[in-house]
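Asks: quick one, what's the 3D model for this:
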Amino acid sequence: MEFGPILSAMLRNKLGPALIAVQIALTLAVLVNAVFIINQRIEHMSRPTGIDVDNIITVASAGLGEDFNLRESIREDLEALQAIPGVIAATSSQHVPLSGSGWGTSLKAETGADAPKVNAAQYFVNDRAVETLGVQIAAGRDFRADDIMFPENFAVPPEAVMITRNMADALFPDGEALGATVYDGLDNPITIIGIIERMHGAWVSSDELENVMLVPRIPLGDSSAWYLIRTEPGERDRIMPLIEEKLAKVNDRRIVRELDTLESIKASSYASDRGMAVLLAIVIALMVAVTALGIVGLASFAVRQRVKQIGTRRAIGARRIDIIRYFMVENWMITTAGVMAGTVLAFAVNYWLVTSYSLEKLNPLYVPVGILCLWALGLLAAYGPARRAAAISPSVATRTV
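Replies: Modelled structure (predicted):
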């Protein structure tokens with residue numbers, strides 16, 4: 001197959017092939033960057049949380065009246081919740097992990113205002129928190145009942161805490177965190193009694209998502225509390241309607257609200273990532289469809305314009321496969337010109353995304369995969385018109401003036 005005659009034929013009608021080549025270039029640039037971003041979003045949403053997300057229920061309680069006894073209410077509520085068949089454990093907390101809402105803090109490995117700080121999400125929990133969350137203790141011990149504090153305010157610092165391994169490594173990159181003394185912002189000493197293998201905090205877009213501190217305390221400064229309830233696998237949906245009923249029986253002098261699953265809360269926190277992935281997938285599908293239709297249209301137009309030429313070639317001995325190959329090679333040349341320009345454009349678009357929106361640099365392996373996909377798309381789209389061209393008989397062509 002001679003490329004020269006095919007190129008000469010295309011140059012006699014440059015507009016159509018040029019438009020398709022530009023369309024292919026744009027499609028490649030969008031395709032590889034969009035797929036790269038989609039994969040990033042999927043990886044972001046698929047990160048292991050360390051928490052038994054699928055089996056945890058959350059609910060909030062707000063007491064009514066100035067004489068509401070929060071400490072007694074929490075004790076009675078947890079007893080009632082843990083008595084429900086199918087419940088593994090329950091804990092109180094001031095906030096819910098993965099919710100996008102919470103309290104942050106920072107710890108230091110040494111005293112002094114200039115000492116490096118490690119930021120973290122903190123959760124005030126009881127001695128059933130580890131079992132409730134389903135997190136794994138990598139070193140040290142769990143909280144005991146006598147570790148739990150009931151302060152009226154936050155002026156009293158905790159004596160002991162548990163932190164995640166990620167936070168421990170940040171505080172003590174060259175040493176052992178277990179049993180070490182760390183310091184809060186006021187240089188109050190705190191002992192690390194346990195290291196949690198992994199646990200995600202509140203803010204899923206934070207670079208410090210895996211920096212978490214569990215504090216053995218139940219603050220009594222107001223009359224509200226959150227409860228986390230972990231159920232046996234498969235029991236969550238059955239138990240969920242029972243929780244409000246149980247809490248109402250324990251104490252009707254409060255409002256029970258925001259009954260939800262941690263799975264749903266996590267999904268809401270990742271809604272923007274999921275929405276971005278879906279939107280980009282739709283854009284990819286539309287651009288690929290438009291490109292394929294453009295290739296089909298151009299090839300069909302070329303066939304209609306060359307009926308006499310095709311018939312003449314058939315009359316002098318060209319086989320059907322020769323006609324098909326001609327149009328397939330022509331399409332391949334247009335696609336190749338498009339993907340060459342698209343490769344440069346893809347990296348230019350990624351550079352703009354990196355500098356303007358702080359996205360990651362494009363993995364170069366995405367480009368050859370995108371090129372192969374567009375080559376395949378072009379050949380598949382051109383195959384139908386090429387077969388119709390090969391079906392033109394010499395007699396029909398001779399009658400075409």
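
Asks: make it CA atoms for all contacts and neighbour counts henceforth
Replies: Noted.

Asks: domains in the protein, as residue ranges please.
Replies: 3-46+271-398, 65-252 (automatic domain parsing).

Asks: quick check: mean pLDDT of the shortest one?
Replies: Domain 3-46+271-398 comes out with an average pLDDT of 88.

Asks: do a quick rundown of the helices in the stretch 1-150 of the chain.
Replies: 3-11, 15-45, 70-82, 129-133 (DSSP state H, counting those that start in this stretch).

Asks: angle of the longest helix along the chain against helix 15-45?
Replies: The single longest helix within the chain, with elements called by DSSP state H, is helix 320-357. Orientation of helix 320-357 against helix 15-45 (axes from the mean of the first three to the mean of the last three Cα atoms, to 10 degrees) gives an angle of 50 degrees.

Asks: re earlier: need the domains of the chain in JSON lines with mean neighbour count and distance to residue 53, can you?
Replies: Shown next, in JSON lines, are the domains of the chain (neighbours: other Cα atoms under 10 Å; distance: least, Cα to Cα, whole Å):
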{"stretch": "domain 3-46+271-398", "mean neighbour count": "18", "distance to residue 53": "12"}
{"stretch": "domain 65-252", "mean neighbour count": "18", "distance to residue 53": "8"}
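
Asks: how about the residue nearest the centre of the chain: what's its closest non-neighbour residue?
Replies: Residue closest to the average C-alpha location in the chain (Cα atoms, centre = their mean): residue 45, at 2.9 Å. Leaving aside its sequence neighbours, residue 45 sits nearest to residue 270 (Cα to Cα, 6 or more residues apart in numbering; 6.6 Å).

Asks: ok, the residue nearest to the centre of the chain to residue 283 distance?
Replies: Relative to residue 283, residue 45 is positioned 21 Å away (Cα to Cα, to the nearest Å).

Asks: same question for residue 219.
Replies: 49 Å.

Asks: cool, and residue 137?
Replies: Taking Cα to Cα, one finds residue 137 at 44 Å from residue 283.

Asks: go on, residue 24?
Replies: 14 Å.

Asks: now do the strands in this protein.
Replies: 56-63, 87-93, 103-108, 117-125, 137-140, 160-164, 181-183, 189-196, 212-216, 224-231, 254-261 (DSSP state E).

Asks: mean pLDDT and distance to residue 3 added to the ones you listed, as TSV?
Replies: Below are those laid out as TSV (pLDDT from 0 to 100; distance: least, Cα to Cα, whole Å):
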stretch	mean pLDDT	distance to residue 3
strand 56-63	93	65
strand 87-93	96	72
strand 103-108	93	66
strand 117-125	95	63
strand 137-140	96	66
strand 160-164	96	64
strand 181-183	95	73
strand 189-196	96	65
strand 212-216	96	64
strand 224-231	94	69
strand 254-261	92	63
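
Asks: mind putting the ones you listed in TSV, distance to residue 366 included?
Replies: Shown next, in TSV, are the strands of the chain (distance: least, Cα to Cα, whole Å):
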stretch	distance to residue 366
strand 56-63	38
strand 87-93	44
strand 103-108	38
strand 117-125	35
strand 137-140	38
strand 160-164	35
strand 181-183	45
strand 189-196	37
strand 212-216	35
strand 224-231	42
strand 254-261	37
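
Asks: now do the same contact list for residue 180.
Replies: 191, 192 (Cα atoms under 8 Å, 6 or more residues apart in numbering).

Asks: er, residue 258 I mean
Replies: 58, 59, 60.

Asks: these two touch, right, the first one and residue 260?
Replies: Yes - Residue 58 lies in contact with residue 260 (Cα atoms under 8 Å); the separation is 5.3 Å.

Asks: which one's more surrounded, the two?
Replies: residue 58 (25 against 15; other Cα atoms under 10 Å).

Asks: look up the residues forming beta bridges with that one.
Replies: residue 228, residue 260 (DSSP bridges).

Asks: so it versus residue 326, what's the distance?
Replies: For residue 58 relative to residue 326 (Cα to Cα), the value is 66 Å.

Asks: give me the contacts around stretch 86-103.
Replies: Here stretch 86-103 has contacts from 58, 74, 78, 81-82, 121-129, 131-132, 200-204, 218, 225-232, 235, 239, 262, 265-266, 268-269, using Cα under 8 Å, 6+ apart.

Asks: what's the spacing between that stretch and its chain's center?
Replies: Centroid displacement of stretch 86-103 relative to its chain, using Cα atoms, centre = their mean, to the nearest Å, is 22 Å.

Asks: now the end-to-end length of that stretch.
Replies: 31 Å.

Asks: one more: stretch 101-114?
Replies: Span of stretch 101-114 from end to end, Cα to Cα: 28 Å.

Asks: cool, and stretch 301-309?
Replies: Stretch 301-309 has an end-to-end distance of 14 Å (Cα to Cα).

Asks: what do you get for stretch 301-315?
Replies: Span of stretch 301-315 from end to end, Cα to Cα: 22 Å.

Asks: likewise stretch 152-168?
Replies: Its start and end residues considered, stretch 152-168 measures 29 Å (Cα to Cα).

Asks: list of residues touching it?
Replies: Counting by Cα under 8 Å, 6+ apart, 118, 120, 138, 142, 147, 149, 177, 188-199, 210-217, 219-221 sit against stretch 152-168.

Asks: hmm, residue 382 is touching residue 301, no?
Replies: No - contact status for residue 382 versus residue 301: not in contact, 11.2 Å apart, counting by Cα under 8 Å.

Asks: nearest to residue 347, of the helices of the stretch 1-150 of the chain?
Replies: helix 15-45 (7.6 Å; Cα to Cα).

Asks: what helices or strands is the closest one leaning on?
Replies: Helices and strands touching helix 15-45, as assessed by 3 or more Cα pairs under 8 Å, 6 or more residues apart in numbering; DSSP states H and E, comprise helix 271-305, helix 320-357, helix 366-390.
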